[in-house]
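> sequence and predicted structure are below.
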Amino acid sequence: MTSRAERSEEGATVSWLPRARFARLAKAVKDLSAARTHEAIIDITRRAARDITGSLGVAIVLRDGDRCHYIAEDSEVPLWTDQKFPLTACISGWAMLNRRQAVIPDIYVDDRIPHEAYRPTGIHSLIMTPVGEPDPFGALGAYWRDVREASEDEVSAMAALASCMATALQNIDLMESLRAELDHKQLLVNELNHRVKNTMAIVQSLSAQTLRADRPTALARADFDSRLMALAGAHVLMTEAEWRSVSLRELVVRTTQPFAQGSGAARFHLDGPDATLPPKSAVAFALAVHELCTNAAKYGALSTGAGRVAIDWGLAESPDGPRLRLSWRESGGPPVAEPARRGFGSRLLERGLAAELRGQVRLGFPPDGLVCEIDAPAPVDDPEGLFPLPS
């Protein structure tokens with residue numbers, strides 16, 4: 001087992017290159033998805049935060065009414081475990097009350113820090129990240145001996161880890177509440193576990209496809225973040241619908257919204273009747289529409305001011321039953337040519353979405369703009385199904 005001193009020395013010499021930090025964060029996400037107790041989540045988070053930052057120490061804080069309760073740490077020097085401080089007298093309280101990170105290169109020139117409480121620790125700089133959205137219920141802190149500017153990678157990695165910790169804790173709390181309150185608790189817990197495992201399977205597959213060794217770290221991280229946001233948007237909509245069928249139009253509007261800000265909203269033309277999708281099909285559609293938007297913004301119609309996207313759908317009868325037919329057509333962008341190789345987005349559409357819908361997904365590359373056509377049986381509600389991502 002590696003000692004904390006050895007871990008600290010290793011962090012100082014290696015300086016945690018972005019790829020190594022990202023790999024450690026990915027492992028923490030996987031471990032948190034498997035954790036089933038609050039204690040395990042806290043332990044995984046504090047160890048991962050220390051490894052990711054290479055810091056002197058880390059602390060985990062939970063809100064207890066109007067006080068900050070320091071519940072755990074991983075540090076070379078004693079910090080404040082088991083102690084409580086007023087929210088207004090502690091930087092962790094500031095992060096929770098203001099709902100944003102505090103990145104402080106020199107604590108002794110910052111009035112938010114209770115300097116006397118820090119003097120015995122030797123700490124001179126820190127990152128304090130709120131845990132939980134929209135109302136934080138905790139904070140995750142990393143501390144260094146030196147006066148230093150935290151890197152963008154360190155700040156974003158701490159934010160990502162705090163978000164994963166919050167999700168894991170909230171899932172645990174939700175499961176405990178279900179066990180305590182519902183007569184058919186085992187059925188509901190099994191369903192919740194299934195959803196969590198399905199979601200984590202999607203996240204891990206997205207991570208494996210996006211964070212390849214041959215891709216620049218910054219580009220891979222940006223693509224991974226945007227795909228997670230698309231997945232999160234679909235989950236928000238499904239939660240609002242209580243995990244029943246959701247509106248196809250609303251799903252498309254929400255997924256395209258990041259690409260249609262301000263006057264850009266007119267660049268999308270939607271036309272189709274009211275139609276609904278079950279949860280697993282909604283996830284598939286959200287990820288597919290997001291990939292089409294991303295591709296259009298990088299290479300297609302949305303990369304120019306004059307570009308437009310038409311999204312049309314309808315329900316049609318066939319001898320085998322009703323079918324859903326949807327088309328995505330770009331115009332006004334740069335000339336289009338069929339790519340020499342299929343990337344993750346194309347595989348997601350032609351393999352993953354087609355398999356999920358048990359239909360056909362065709363990509364066309366006419367010079368005036370990309371065309372994607374979907375022809376599939378009208379979706380049937382099946383909350384137990386898992387959307388298969390392409391390998």
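Ah, there it is. Given the structure is predicted, the values throughout are model-derived calculations rather than measurements.
> hey, let's count contacts and neighbours off CA atoms from now on
Noted.
> roughly how far is stretch 118-132 from the heart of the chain?
Centre-to-centre, stretch 118-132 and its host chain are 25 Å apart (C-alpha atoms, centre = their mean, to the nearest Å).
> meant to ask about stretch 245-254
Mean-position distance between stretch 245-254 and its chain equals 20 Å (C-alpha atoms, centre = their mean).
> same thing with stretch 22-33?
Computed by C-alpha atoms, centre = their mean, the chain-centroid distance of stretch 22-33 equals 12 Å.
> same check on stretch 246-263?
For stretch 246-263, the distance to the chain centre is 18 Å (C-alpha atoms, centre = their mean).
> buried residues in it?
Buried residues in stretch 246-263, counted by 16 or more other C-alpha atoms under 10 Å: 246-249, 251-260.
> which helix or strand contains residue 270?
Residue 270 is part of strand 268-271, with elements assigned from DSSP states H and E.
> keeping just the C-alphas, turn that strand into PDB.
What follows is strand 268-271, C-alpha atoms only, in PDB (Å, rounded to 0.1, in the frame of the first residue of the first chain):
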ATOM      1  CA  PHE A 268     -33.800  25.100 -36.400                       C
ATOM      2  CA  HIS A 269     -37.200  24.300 -38.000                       C
ATOM      3  CA  LEU A 270     -39.200  21.600 -36.300                       C
ATOM      4  CA  ASP A 271     -42.300  20.100 -37.800                       C
END
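> following it, which helix or strand shows up next?
Sequence order places strand 276-277 as the next helix or strand after strand 268-271, per DSSP H and E.
> quick one, what contacts residue 77?
Contact analysis of residue 77 by C-alpha atoms under 8 Å, 6 or more residues apart in numbering lists 56, 57, 121.
> and the strands in the stretch 101-250 of the chain?
In the stretch 101-250 of the chain, strands defined by DSSP state E, counting those that start in this stretch lie at 102-104, 125-131, 138-144, 246-247, listed in chain order.
> isn't residue 246 right up against residue 277?
Yes. Shown here, residue 246 and residue 277 form a contact pair, counting by C-alpha atoms under 8 Å, at 5.3 Å.
> ok so, going back, could the contacts of residue 77 go into a markdown table alongside neighbour count?
Listed next are the contacts of residue 77 as a markdown table, based on neighbours: other C-alpha atoms under 10 Å:
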| residue | neighbour count |
| --- | --- |
| 56 | 24 |
| 57 | 28 |
| 121 | 18 |
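> who touches residue 311 in this structure?
268, 269, 270, 271, 326, 327, 328, 329.
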